[in-house]
Every structure is written in C-alpha cells, then in structure tokens.
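*Asks:* Output the structure for:
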Amino acid sequence: MNASLDLPLLLQAEDLAAQLPSDEILVVAVCSEKVFAEGHLPGAILVQPRELVCGVKPATGKLPTQEHLNELFSRLGLSQGKHLVAYDDEGGGWAGRLLWTLDVVGHSSYSLLDGGQIAWAQAELPLTVDESHPTATDFQASIDRSFIAELDEVIASINADDVIVWDARTKEEYAGTKITALKNGHIPGAVNLDWLDVMDRDNGLRLKSLNLLQQQLASLGITKGKKIITHCQTHHRSGLTYFVGKLLGLNIKAYDGSWSEWGNHPETAVDV
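*Replies:* Numbers count the residues shown, from 1 in each chain. Down below sits the predicted model:
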C-alpha cells in the first residue's frame, strides 16, 4: 500500500476515479492497440501484452530480459514515487501479469483495478481517446527471482507435501482432452481452478468476494500453510490467480514457463 495515497491492492473504479488526475498515480492499460485506441481510462498508458513476455518458443510466456524490462518501465515513466494501477479488458489476467512483473523488478507500490475497463464502463465513468505522453525515467530493474518458480522447483514440488501447484487453465486442458502441447494433461498433484472461476461474470468481471475465493481455494487445499505455485499455458491467465493469491495473503509464486514449457519438455511427468 502506498503510504501517501493509501490505495488498496484491489481498487474499485469509483475510488480510482476520485483520485484522478494525480501526479502520483500511473494508470497502465494492458491490452491491444485497437482496444486502447477505441477508448481508455483518462491518463492511461498502453502496454501491449507481448511487451510482458519473452516470446521465445516453446516457453513464450517467460520473463523478458532485464534490459527489455528497464526499457519498458522507463518508457512508462515508472519511479519509486509512483503508484501503478494496472487494468485490462478481460478480467485481470494481463493486469495481474504486469503486477507480478512489478514484484519481480522490485516495485511494490501498485493496485489492480477490479474488473478493469469492463467495470469502469459499467460504472459509467469516462473513457477517452486522448493519448498521454509520460516523462521517461531511468528505471533499473532489480530482478528478484523468489517470485518465479523455475522448472526444477516445479519438478521438486511433485513430492513436496508443503507445496501445491494451482493450475489456472480450463478443465479440458487440465484433463488433457484439449491439445496445447506435445504432452497434454497436468503436473502430477496439481489442483485445478480455472482463472475465470475467480471472477464474477455477472458483476463486470470483478473478483468474487474474498470469503468466497478463500472457500474455493481452501476446498482444493490452497491455504496459508502451503507454498503455492500457479501457472496456465503462458502465465497470462495465471497473472490473475497470482494476484488473487497475494490478495488473500498466500505464499504464492508463478511458474512463468507454464504448460508451454512443461508440456513440451521431454522429461517432465504428466497426469491426466
């Protein structure tokens, strides 16, 4: 939480609107150029999803290089005095991915806009087509890999009683009936809760209540007493599940290699 602004980790549209414009807040839209051009939050700066991933096959969703991240966050005008508010147009996957990236590069002053642009529009708050041009900074990322689960750590988790892998993909992907890699199914011992099932699709794609989320996860054994590793296909959808874990105070990290690495690796074990 930012001491001067006192903004919560999960921010409601009306509460953000009351703070804008602000020199202390950096609003970032993670979406396509087309969506952004059609209308975005006042003052928002565009980050395209491809800017948050390395793009190298097979594990295209892995963290980009430190140099790339320095360039990205410098372009946005990010500095330690800025509180970043991330949003997208799909319920929080890409916005969550951005916030995970901020954890990795050492910037902890941030919020996720609950429901993103969908909730903002539902609240009849203004959108604009005007572009913002932030003053560039010299952002220097300090990579903290404690937020990243590497392949070896995920392999070790299979036989670890204190670690649970949260697979945020669909039931079909988890069961291996949907083909997305050379091998299909799930990491042995992983539990499945689709990222779509943490959001309320009847309420502007806002997250479900914290109590309900806690109950959903506890029923799968995902609790504060465990170390949680979350993943999907490319660590896009699991951007949201990572954020939910943080919101609930869980000990969570993300496997950015995700299924695109695991399912295409010659030596990984797969259950169906």
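
*Asks:* For the rest of this, base every contact and every neighbour count on C-alpha atoms.
*Replies:* Noted.

*Asks:* and Leu213, that's in a helix?
*Replies:* Yes - assigned with DSSP: H, G, I helix; E, B strand; the rest coil, Leu213 falls within a helix.

*Asks:* From the structure, what's the count of residues near the closest residue to it other than its chain neighbours?
*Replies:* Counting by C-alpha to C-alpha, 6 or more residues apart in numbering, Val198 is the residue found nearest to Leu213 once chain neighbours are left out, at 6.6 Å. Residues lying near Val198 (other C-alpha atoms under 10 Å) number 23.

*Asks:* OK, contacts around Val198?
*Replies:* Val198 sits next to Leu207, Lys208, Leu213, Thr241 when contact means C-alpha atoms under 8 Å, 6 or more residues apart in numbering.

*Asks:* check contacts around the second one.
*Replies:* Think Lys208. If you count contacts by C-alpha under 8 Å, 6+ apart, Lys208 has them with Val198, Met199, Asp200.

*Asks:* Take the residues you listed and keep only those in strands.
*Replies:* Among the contacts of Lys208, the residues falling in strands (DSSP state E) are Met199, Asp200.

*Asks:* Tell me the one among the contacts of Lys208 nearest to Ile222.
*Replies:* Val198 (13.6 Å; C-alpha to C-alpha).

*Asks:* Check the gap between the closest one and His83 for me.
*Replies:* Val198 sits 25 Å away from His83, going by C-alpha to C-alpha, to the nearest Å.

*Asks:* before we move on, what about Thr223?
*Replies:* Here the criterion is C-alpha to C-alpha. By it, Thr223 lies 29 Å from His83.

*Asks:* any chance you could map the strands in this protein?
*Replies:* Secondary structure of the chain by DSSP E: the strands cover 10-11, 25-30, 45-47, 83-87, 110-113, 163-167, 191-192, 199-200, 206-207, 227-231, 251-254.

*Asks:* and the ones you listed as TSV, adding mean pLDDT?
*Replies:* Below are the strands of the chain laid out as TSV (pLDDT from 0 to 100):
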stretch	mean pLDDT
strand 10-11	98
strand 25-30	98
strand 45-47	98
strand 83-87	98
strand 110-113	98
strand 163-167	98
strand 191-192	98
strand 199-200	98
strand 206-207	98
strand 227-231	98
strand 251-254	98
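
*Asks:* Dump the ones you listed into JSON lines; add mean neighbour count and distance to Gly185 as well.
*Replies:* Formatted as JSON lines, these follow (neighbours: other C-alpha atoms under 10 Å; distance: least, C-alpha to C-alpha, whole Å):
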{"stretch": "strand 10-11", "mean neighbour count": "18", "distance to Gly185": "33"}
{"stretch": "strand 25-30", "mean neighbour count": "25", "distance to Gly185": "29"}
{"stretch": "strand 45-47", "mean neighbour count": "22", "distance to Gly185": "32"}
{"stretch": "strand 83-87", "mean neighbour count": "26", "distance to Gly185": "31"}
{"stretch": "strand 110-113", "mean neighbour count": "26", "distance to Gly185": "31"}
{"stretch": "strand 163-167", "mean neighbour count": "25", "distance to Gly185": "11"}
{"stretch": "strand 191-192", "mean neighbour count": "20", "distance to Gly185": "11"}
{"stretch": "strand 199-200", "mean neighbour count": "18", "distance to Gly185": "24"}
{"stretch": "strand 206-207", "mean neighbour count": "22", "distance to Gly185": "27"}
{"stretch": "strand 227-231", "mean neighbour count": "24", "distance to Gly185": "13"}
{"stretch": "strand 251-254", "mean neighbour count": "24", "distance to Gly185": "19"}
